[in-house]
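Asks: okay, structure incoming, though there's no sequence with it:
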């Protein structure tokens with residue numbers, strides 16, 4: 001039974017921590033307060049929920065240490081939150097066994113913003129989206145698509161699974177919960193429209209988009225052609241700085257000569273070591289870093305600078321990306337320069 005204190009905590013979260021837009025024609029928006037100097041820091045982990053197995057617990061331990069060092073504001077999950085087939089119901093013990101009982105460090109007792117992955121769609125999607133989970137653990141917030149607004153950055157979370165044709169055309173032995181998505185064309189059209197509108201209206205210094213599937217990747221799954229066709233042009237037209245995803249169980253950074261966007265993968269939250277690299281030569285040439293193993297990312301943002309670090313399961317720094325935001329006069333857009 002959910003305790004009264006848990007209910008109060010969740011209620012206070014809804015009222016005080018963030019504001020949720022209820023407009024049916026817009027993506028839900030949450031306001032997250034940042035430090036007095038406008039700085040913002042958070043961790044990113046993906047593809048994790050396995051009851052602590054496949055080094056999930058070890059990754060969680062290192063996240064706790066890094067989260068304390070950086071005094072993080074929140075955590076981002078890039079999807080595939082519960083393996084192999086999502087949650088069965090809102091009362092599925094898998095939620096506590098793979099989330100609440102794993103990410104126990106004090107520094108991780110912050111808001112978690114999560115998107116759905118394809119494995120989550122194999123279960124009861126409505127359960128994972130349900131406010132009941134927030135009563136069980138007030139940290140949890142998972143929606144299909146939404147926006148987190150801060151003083152320093154706007155984060156746009158996008159439901160990428162419905163874009164991928166093979167889940168509809170060749171489902172194989174898996175069943176997917178498409179409630180809320182069918183009719184698919186209408187769902188995708190509205191999502192793209194809302195995303196484009198939100199990006200166009202954003203005046204944030206940093207624009208970061210998060211989805212489960214990669215746009216660019218040299219990992220096992222490679223590029224996602226549907227996202228390249230439908231989403232990438234919208235991101236490029238609206239000065240998005242970074243796209244972050246999971247899906248490939250690895251850590252990677254791709255910086256393309258044909259796009260100003262930095263493509264980052266953080267999908268090493270548990271099972272990894274797939275041992276497969278995509279053979280697309282163009283993508284390989286754009287790759288700045290690739291690690292076929294477990295780990296996570298940290299992101300530190302200031303008005304003019306961003307520091308992004310990839311860590312392995314032992315907390316070792318594997319790769320660092322520094323971005324410099326050159327601020328122009330208000331009548332012009334700002335733009336980021338890739339430094340390292």
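Replies: Thanks, I have the structure now. Model, not experiment: these values are computed from the prediction.
Asks: could you use CA atoms for every contact and neighbour count after this?
Replies: Will do.
Asks: report the contact partners of residue 157.
Replies: 115, 144-147, 209-211 (C-alpha atoms under 8 Å, 6 or more residues apart in numbering).
Asks: and those, which two are furthest apart?
Replies: 144 and 209 (13.4 Å; C-alpha to C-alpha).
Asks: quick check: neighbours shared by these two?
Replies: Residues touching both residue 144 and residue 209 by C-alpha under 8 Å, 6+ apart: 157-158.
Asks: please look at residue 209 and residue 156 and confirm they touch.
Replies: Yes. If you go by C-alpha atoms under 8 Å, residue 209 and residue 156 touch, sitting 4.6 Å apart.
Asks: got the phi/psi numbers for residue 265?
Replies: phi -110, psi 130 (degrees, to the nearest 10).
Asks: now residue 101: how far from residue 32?
Replies: For residue 101, the distance to residue 32 (C-alpha to C-alpha, to the nearest Å) stands at 25 Å.
Asks: tell me which of these two has more neighbours.
Replies: Neighbour count, other C-alpha atoms under 10 Å: between residue 101 and residue 32, residue 32 has more, with 18 against 13.
Asks: now do the same contact list for residue 45.
Replies: Contacts of residue 45 (C-alpha under 8 Å, 6+ apart): 75-78, 246, 266-269, 295-297.
Asks: let me have the residues you listed in CSV, adding distance to residue 165, pLDDT and secondary structure as columns.
Replies: Listed next are the contacts of residue 45 as CSV, based on distance: C-alpha to C-alpha, whole Å; pLDDT from 0 to 100; DSSP: H, G, I helix; E, B strand; the rest coil:
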residue, distance to residue 165, pLDDT, secondary structure
75, 30, 98, strand
76, 26, 98, strand
77, 23, 98, strand
78, 20, 98, coil
246, 18, 98, coil
266, 23, 98, strand
267, 21, 97, coil
268, 25, 97, coil
269, 26, 98, coil
295, 29, 98, strand
296, 28, 98, strand
297, 29, 98, strand
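Asks: contacting residues around the nearest residue to residue 225 once chain neighbours are set aside?
Replies: Spatially, and ignoring its direct neighbours in sequence, residue 225 is nearest to residue 215 (7.4 Å; C-alpha to C-alpha, 6 or more residues apart in numbering). Contacts for residue 215 (C-alpha under 8 Å, 6+ apart) come out as 223-225, 227-228, 232, 263.
Asks: hmm, residue 306 is touching residue 320, no?
Replies: No. Residue 306 is beyond contact range of residue 320, at 10.4 Å (criterion: C-alpha under 8 Å).
Asks: of those two, who's got more company?
Replies: residue 306 (20 against 15).
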